[in-house]
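K.L.:
below: sequence and its predicted model.
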Amino acid sequence: MSEREFIDYATVRDLLASANQRRGELSYEQIMALQHAEWAASTNRGGMKTDPKVFTALYNDLTSNEKLVNNPEICAKLAELTPMRVSDVRVIISSKRIAMDTSEIEDIITTIRQHVL
């Protein structure tokens, strides 16, 4: 089975914009995806712009966490959304029923802050 690669909205935006410049047009679905990626990578969603370098570094750090190592999709979501509150992290990890106490979640938030701020 091939390993999945996770990318951030800023990368999606850049790839679609590049394709639009090369081809001169995008399909309706690609235009909608580009508009969504532009919005999601901007400060309009969550107050922080998405930076591909920060996303990659943060994703790599989060995948080294022993409780997150088997859930790369959760690491990608945490790296993209960069939650700064315990309750926000709990919402994200609850989808995979990952059990973490508050101190473990605070360690994740500390890691996020080291990359974002």
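P.N.:
Thanks, I have the structure now. Residues are numbered from 1 along each chain as shown.
K.L.:
which residue lies farthest from the center of the protein?
P.N.:
Here the chain reaches farthest from its C-alpha mean at G24, the gap being 28.8 Å by C-alpha atoms, centre = their mean.
K.L.:
tell me the phi and psi of that residue?
P.N.:
In terms of degrees, to the nearest 10, the main-chain angles of G24 are phi 90, psi -10.
K.L.:
do you know how far it is from D14?
P.N.:
Counting by C-beta to C-beta, to the nearest Å, the gap from G24 to D14 is 17 Å. No exception for glycine: its C-beta is placed from N, CA and C like everyone else's.
K.L.:
returning to that earlier point: quick one: pLDDT of the residue farthest from the centre of the chain?
P.N.:
With respect to pLDDT, G24 has a value of 88.
K.L.:
what do you get for G47?
P.N.:
75.
K.L.:
now for it, how many residues are close by?
P.N.:
The number of residues packed near G47 is 9, by other C-beta atoms under 10 Å.
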